[in-house]
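> Let me see the structure of the following:
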Amino acid sequence: MAAKKGHQSQWSWLNSCLLVVMVGMIFYCSWLNNKIVARGYQLNDLRKEEKNLIEEKDKLQAELATLKRPQNLARLARLLGLKEPRPGHKMVLP
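Have a look, this model is predicted:
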């Protein structure tokens, strides 16, 4: 009987260790899954932000192109009181 009792205590110790390892693995997998889901939400938020920034960049580029049109520059110059330079006053920069 003593041999059976020693053998039985080894199995219960082994079962206890396996149980602890399995519980640890369950906690680790749950933690890892939580991290993956959180990163997915972060990635989704960053993609939305990227889309918004691209749209804003496109709008700003369109506005810049409109403002650089010669008709707009001439109109703004008149609003600021600027006039065409007289002959000989033009200077071309390299």
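> Remind me which helix or strand R78 belongs to.
helix 70-79 (DSSP states H and E).
> tell me the mean pLDDT for that helix?
Averaged over helix 70-79, pLDDT sits at 87.
> who does it touch, helix- and strand-wise?
Under the contact definition 3 or more CB pairs under 8 Å, 6 or more residues apart in numbering; DSSP states H and E, helix 70-79 sits against no other helix or strand. The C-beta positions use only the backbone N, C-alpha and C, and glycine is treated the same way.
> again, only using 10 Å
In terms of contact count using 3 or more CB pairs under 10 Å, 6 or more residues apart in numbering; DSSP states H and E, helix 70-79 is assigned the packing partners helix 2-68.
> now the helix it packs on against helix 70-79, angle please.
Using axes from the mean of the first three to the mean of the last three CA atoms, to 10 degrees, the inter-axis angle of helix 2-68 relative to helix 70-79 is 70 degrees.
> Off-centre distance for helix 2-68?
In terms of CA atoms, centre = their mean, to the nearest Å, the gap separating the centre of helix 2-68 from the centre of its chain is 16 Å.
> distance of A38 from M25?
Using CB to CB, to the nearest Å, A38 is found at 20 Å from M25.
> residues of the helix holding R78 that come out buried?
When burial is assessed from 16 or more other CB atoms under 10 Å, helix 70-79 yields no buried residues.
> Need the residues that contact that helix.
Counting by CB atoms under 10 Å, 6 or more residues apart in numbering, the neighbours of helix 70-79 from elsewhere in the structure are A65, T66, L67, R69, L82, K83, E84.
> Which members of these define the maximum pairwise distance?
Taking CB to CB as the measure, the contacts of helix 70-79 span a maximum distance of 25.8 Å, between A65 and K83.
> any low-confidence regions in this protein?
Within the chain, the segments meeting pLDDT under 70 span 1-7.
> residue nearest the centroid of it?
Centroid-nearest residue in the chain: L46, 3.0 Å away (criterion: CA atoms, centre = their mean).
> contacting residues around that one?
Applying CB under 10 Å, 6+ apart, we find L46 in contact with no residue.
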